[in-house]
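*Asks:* below is the structure, and that's it, no one-letter string:
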């Protein structure tokens, strides 16, 4: 391979373009690897979300809330799941994220 003639303006443009595309490739590669792991994590938590979704607002959930309100549960028990806002917000966020993934995937497939 011969050394590049960097005095040639066309070569300088080519080198700049290749450098720009190499940076874009690196950014895309890192992002895709990260997204792949995140998607694996998202997929793995789906059964957990389904269990939580079934529990939230169920008869058991109402009974557990009542037990909490009447002081039957230990004071040191974490009980965020018995609130109305936190579980609801998590389930809405999950739903919104699933829709967003569909929209992003659709754009990716159309491009």
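*Replies:* Okay, I see it. Remember, predicted model here, so these are calculated numbers, not experimental data.
*Asks:* okay, and the spatially most central residue of the chain sits in which element?
*Replies:* In the chain, the centroid-proximal residue (C-alpha atoms, centre = their mean) is residue 38; its distance is 5.8 Å. Taking DSSP states H and E as the definition, one finds residue 38 inside helix 9-55.
*Asks:* residues in contact with whichever helix or strand comes after that helix: which ones?
*Replies:* Per DSSP H and E, the first helix or strand lying C-terminal to helix 9-55 is helix 59-69. Helix 59-69 has contacts (C-beta atoms under 8 Å, 6 or more residues apart in numbering) with 55, 73, 79, 82. Where C-beta positions appear, they are placed from N, C-alpha and C, glycine not excepted.
*Asks:* what's the most distant pair in those?
*Replies:* 55 and 73 (15.6 Å; C-beta to C-beta).
*Asks:* now for the helix holding residue 38, which elements pack on it?
*Replies:* In terms of contacts (3 or more C-beta pairs under 8 Å, 6 or more residues apart in numbering; DSSP states H and E), helix 9-55 is packed against helix 85-110.
*Asks:* could you say what helices and strands the helix it packs on packs with?
*Replies:* Under the contact definition 3+ C-beta pairs under 8 Å, 6+ apart, helix 85-110 sits against helix 9-55.
*Asks:* centre of the chain to the helix it packs on, how far?
*Replies:* 11 Å (C-alpha atoms, centre = their mean, to the nearest Å).
*Asks:* for stretch 76-84, same thing?
*Replies:* Distance of stretch 76-84 from the chain centroid (C-alpha atoms, centre = their mean) equals 24 Å.
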